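# test case, fold it:
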Amino acid sequence: MNKLKVGMISFAHGHAFSYLDALLRLPDVEVVGIADESASRVEKVVRERGLAYYEDYRELLANDAADAVVICSENVHHARLTIDAAKAGKHVVCEKPLGVSVEEMERMVAACRDNGVQLMTAFPCRYLAAVVRAKEAVDRGEIGSIVAIKGTNRGSMPGGWFVDPALSGGGALLDHTVHVMDLMNWFTGSRAKEVYAYAATLFHEELQVDDAGMIHVKFENGVFGVLDTSWSRPKSFPTWGDVTMEIVGTKGSISVDALAQKNELYSEATGKGHHLFWGDNMDFYMMKSFTDALLHGEPAPISGEDGLRSAEVALAGYASVKLGQPVKL
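Numbering: from 1, shown residues only. All right, here's what the predicted structure looks like:
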């Protein structure tokens, strides 16, 4: 079997380093190059891994060797990069959120469809062991029909371009709604029909974006969801944040703490505790599932539409905050 050749566009998002490590571990994949307008951002990894470097991503897209690309740019560039990649005939994994408006996400999905390439949204939380087992239990009917889901994705304030609205498109409500909202969409098998949200800047007064958020959702099938999306974890917190869900059904409930597979280390050097995660590498399994799908001619396991359905809830949340009332999708 010929190897799948994959390029990477932008390391602005730190997930790119983990995705690259995952790709390099896959025996049926060859990484053909990295494109990043900031040479200093990727200089070390290019040198250590012996990879080709492109300052202009269009040179990588013009490389006939690349079958697919992984895009980890600032949020506002996702649409342009994805559409250009689709026109170049490259399959795409795009970092979340898929886009910063519904209209541009629809254009991304259409461009990939019209050019016959796959678009996958990077939602690695679907590959966490606790999440996978909970989904299997729900599908077996162990808790009956889902009535409600309470979730959290409480993180630390990321800084950098994440807090620049011109590059991020939003704050915590956009950044931390999408992962667990995708899980809610996946578990319920339904679309959100109404959103009511709160967002404010409570923990870091200097920010131009929200760092606190709470989003409430009604799904078409009658399920209710609520999600804490806040950047409420201080620098002293043992890890960047959490991913949890309480899934309430007609016959029982499931509690999911997706990052609970960890050891606790208390360091005198840093003056705080650390959570050392020892569970399965979600980024590795996500990249493996994407590349396996391409190698076997199957649909990407997490689609561009999945990314759109998740991000549109966050965007509706901002509209709700502005209006002070629920918003229908």
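# let me know the average pLDDT across the host helix or strand of Val138.
Per DSSP states H and E, Val138 falls inside helix 129-139. Confidence for helix 129-139, expressed as mean pLDDT, is 97.
# repeat for stretch 263-283
Averaged over stretch 263-283, pLDDT sits at 87.
# run through who's touching it.
15, 18-19, 21-22, 124-129, 236-239, 259, 261-262 (CB atoms under 8 Å, 6 or more residues apart in numbering). To be clear about C-beta, it is placed using only N, CA and C from the backbone, and glycine gets the same treatment.
# tell me which residues in the helix with the most length in the chain are buried?
Counting residues, the longest helix found in the chain (DSSP state H) is helix 304-323. Within helix 304-323, the residues that qualify as buried by neighbour count (16 or more other CB atoms under 10 Å) are 304, 306-318, 320-321.
# between those, which sits nearest Asp36?
Gly307 (22.2 Å; CB to CB).
# with His204 as the reference, measure out to that closest one.
27 Å (CB to CB, to the nearest Å).
# looks like Gly249 contacts Gly144 (just checking).
Yes - Gly249 lies in contact with Gly144 (CB atoms under 8 Å); the separation is 4.4 Å.
# can you map out the helices along the stretch 201-329 of the chain?
Secondary structure of the stretch 201-329 of the chain, counting by DSSP state H, counting those that start in this stretch: helices at 282-295, 304-323.
# in JSON lines, list those helices along with distance to His216.
Converted to JSON lines, the helices of the stretch 201-329 of the chain look like this (distance: least, CB to CB, whole Å):
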{"stretch": "helix 282-295", "distance to His216": "27"}
{"stretch": "helix 304-323", "distance to His216": "9"}
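# right, so of those helices, which gets closest to Asn115?
Once these are compared by CB to CB, helix 304-323 is nearest, at 12.4 Å.
# out of the buried residues of helix 304-323, which comes closest to Ala199?
Closest to Ala199, out of all of those and judged by CB to CB, is Val321, at 4.8 Å.
# now do the same contact list for that closest one.
Neighbour list for Val321: Leu173, Ala197, Tyr198, Ala199 [criterion: CB under 8 Å, 6+ apart].
# which ones among the residues you listed are found in helices?
Counting by DSSP H, the contacts of Val321 place Leu173 in helices.
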